[in-house]
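S.K.: sequence plus the predicted model coming up.
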Amino acid sequence: MEKILEITRQNIVERTHFGTLILFGNNKIEADFGYDGSNACYFLRSCAKPLQASVCADLGVFDYFGFSQEEIAILCASHSGSFENVATVEGILEKLDLDLSYLQCGTHQPLDREAREFLIKNDIPPNPLHHNCSGKHAGFLAACIKEGWNTATYLDMEHPLQKLIWDRIGTYCEYGHGEVSKDGCGAPIWAMPLENMCRGFLNCFENYPQIKEAMSLNPYFMGGHGRIDSEIVAASKGKLIAKVGAEGLCMVYNSEKSQVVLIKILDSNEQARAFALIHALIELGWLSQRDVFSSELRKFYDKDIKTQTGDIVGEIRPYGVFSSMFLNLCK
C-alpha cells in the first residue's frame, strides 16, 4: 500500500493515509494504485453481503416469500437502523412467522441519529432489529425456513446454508479455501486477496439482476442517509452500486461499464476512505463534480480543514502520484 492522502494544517503535513485502489474489469486489474499484486489477504467483511444474498436467490427465497425490492436490498445491507430499516426487517420476520429472538446478530444502538435519539429520549433499549446486519440475518433465517434447516445453528460453518455461501464466494471470487473468521455480527467471513474480492463483486452483480436492481433503486435500505455507499448510489441515480466493509474497505460496481473499483485504507479511517474514493470516481468519470456537489456527497468531499469557528487552516489533498495516476487513466 502507498500514501494516498495528506491532511495539512498551515502547510504542515499533520496526517497521512496509506491505501490501495483497484480498477477491475474484463477479468483483470485494469489499473491500480498501491497494489503490489501480492497474495496478502483481507477479510471481505460486509462487502460479502450481496454474495451471501445471492445464495438466497438461488434457493428461491425471494419469490417464495414474495420479498419486495426494499426487502431484498436490506438483505444486502449494513443499514442504519432507521425507522424504515427496522420496519422492513420486522416485516421479513413476520413473513417467516418468527420473532426477533431468532436473530443472532447481537444488538447495538442504531446508526441513524433520529432513531438513536428516539430510543434514548424514551428510555427504550435497542434490540437486534437495530443491528446493521439484521437484514442479512433475516435472509439467513428465510433460507432456513424455506429449506427446513435448523434456525438455531444458522451461523455454524457446518450449517448447510453457510456451506452454500462458502461455495458461492469461493466460486465467484475464484479463490480457494482461505482463512475464515467471524464478522462483527457473528456470521462466518472469509479472507482473500483484494483482486479476488473484485472478481466476486463483479460476478455477483453481473449474474443477479434482482439484487442489482434492488440495491440501485433503494440506496437508503442498503445503508442509510449520510452513509458513503448509499450516497454514491443516490448521487449516481443507481448507475453505481457501492458497498462498504469494515476496516477501510469499499467496493463500487459500475453497471454501464461492467467494472468494479475497490478501495482499502490501511488505517481504516472513514474520512480518508470517503474522500479518496470520491476523488477516484470523479477522475474516472464515474461521478461528475455536479453529481458530488449537488448531493450529500459534498460533505465527504470537503477538502478544507477548519477551526470550530469556520476558519480554513489546512486541507485534505490526494497525494500527487495517486491523483496523477487516475488523471492518466482517464485520458
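M.R.: Received it, and whenever you're ready, just let me know what you need. Numbering: from 1, shown residues only.
S.K.: which element follows the longest strand along the chain toward the C-terminus?
M.R.: For the chain, the longest strand by residue count, based on DSSP state E, is strand 12-25. Counting by DSSP states H and E, the next helix or strand C-terminal to strand 12-25 is strand 28-33.
S.K.: so which elements touch that next one?
M.R.: strand 12-25, helix 320-330 (3 or more CB pairs under 8 Å, 6 or more residues apart in numbering; DSSP states H and E). Bear in mind the C-beta positions are built from the backbone N, C-alpha and C, glycine included.
S.K.: strand partners (parallel or antiparallel) of the longest one?
M.R.: Right, strand 12-25. Strand 12-25 sits in its sheet next to strand 2-9 (antiparallel), strand 28-33 (antiparallel), strand 259-265 (antiparallel), going by DSSP bridges.
S.K.: among those, which comes closest to residue 138?
M.R.: Closest to residue 138 of the strands paired with strand 12-25, according to CB to CB: strand 259-265, at 26.6 Å.
S.K.: off-centre distance for the very next helix or strand once past the closest one?
M.R.: The helix or strand immediately downstream of strand 259-265 is helix 270-284, counting by DSSP H and E. Its chain's C-alpha centre and that of helix 270-284 lie 15 Å apart, by CA atoms, centre = their mean, to the nearest Å.
S.K.: ok so, going back, which of the helices and strands packed on strand 28-33 comes out lowest on mean pLDDT?
M.R.: Least confidently modelled of the helices and strands packed on strand 28-33 is helix 320-330, at a mean of 60 by mean pLDDT.
S.K.: check the secondary structure at residue 190 for me.
M.R.: strand (DSSP: H, G, I helix; E, B strand; the rest coil).
S.K.: count the residues that sit near residue 156.
M.R.: For residue 156, the number of neighbouring residues by other CB atoms under 10 Å comes to 13.
S.K.: which strand or helix spans it?
M.R.: Counting by DSSP H and E, no helix or strand carries residue 156.
S.K.: quick one, what contacts it?
M.R.: Listed by CB atoms under 8 Å, 6 or more residues apart in numbering, the contact partners of residue 156 are residue 162.
S.K.: distance of it from residue 14?
M.R.: According to CB to CB, to the nearest Å, residue 156 and residue 14 sit 47 Å apart.
S.K.: next: residue 178.
M.R.: Distance, residue 178 to residue 14, by CB to CB: 37 Å.
S.K.: report pLDDT for the residue lying closest to residue 234 once chain neighbours are set aside.
M.R.: Nearest non-adjacent residue to residue 234, counting by CB to CB, 6 or more residues apart in numbering: residue 219, 4.7 Å away. If you check residue 219, the pLDDT there is 96.
S.K.: give me the neighbour count for residue 219.
M.R.: Other residues close to residue 219 by other CB under 10 Å number 25.
S.K.: just to confirm, which helix or strand has it in it?
M.R.: Remark: residue 219 resides in no helix or strand, with elements defined by DSSP H and E.
S.K.: please verify my assumption that it contacts residue 235.
M.R.: No. Using CB atoms under 8 Å, residue 219 makes no contact with residue 235, being 9.1 Å away.
S.K.: and the strands in the stretch 51-200 of the chain?
M.R.: Under the criterion DSSP state E, counting those that start in this stretch, strands of the stretch 51-200 of the chain are mapped to 180-182, 188-192.
S.K.: hey, which of the ones you listed is tucked in deepest?
M.R.: With neighbours taken as mean count of other CB atoms under 10 Å, the strands of the stretch 51-200 of the chain reach their highest mean count in strand 188-192, at a mean of 21.
S.K.: what helices or strands is that strand leaning on?
M.R.: By 3+ CB pairs under 8 Å, 6+ apart, strand 188-192 packs against strand 42-43, helix 160-173, strand 180-182.
S.K.: do a quick rundown of the helices in the stretch 51-200 of the chain.
M.R.: 61-64, 69-75, 83-96, 113-121, 134-147, 160-173, 194-207 (DSSP state H, counting those that start in this stretch).
S.K.: which of the ones you listed sits closest to residue 40?
M.R.: For residue 40, the closest of these is helix 194-207, at 7.9 Å, according to CB to CB.
S.K.: for the closest one, which helices and strands make contact with it?
M.R.: Contact here means 3+ CB pairs under 8 Å, 6+ apart; on that basis helix 194-207 packs against strand 12-25, helix 49-58, helix 160-173, helix 209-217, strand 249-254, strand 259-265.
S.K.: let's see 6 Å
M.R.: On a contact count with 3 or more CB pairs under 6 Å, 6 or more residues apart in numbering; DSSP states H and E, helix 194-207 meets strand 12-25, helix 49-58, helix 160-173, strand 259-265.
S.K.: could you list the buried residues of it?
M.R.: Residues of helix 194-207 classed as buried: 194, 195, 196, 197, 198, 199, 200, 201, 202, 203, 204, 205 (neighbour count, 16 or more other CB atoms under 10 Å).
S.K.: now swap in stretch 62-81 and tell me
M.R.: Buried residues in stretch 62-81, counted by 16+ other CB under 10 Å: 62, 65, 67-81.
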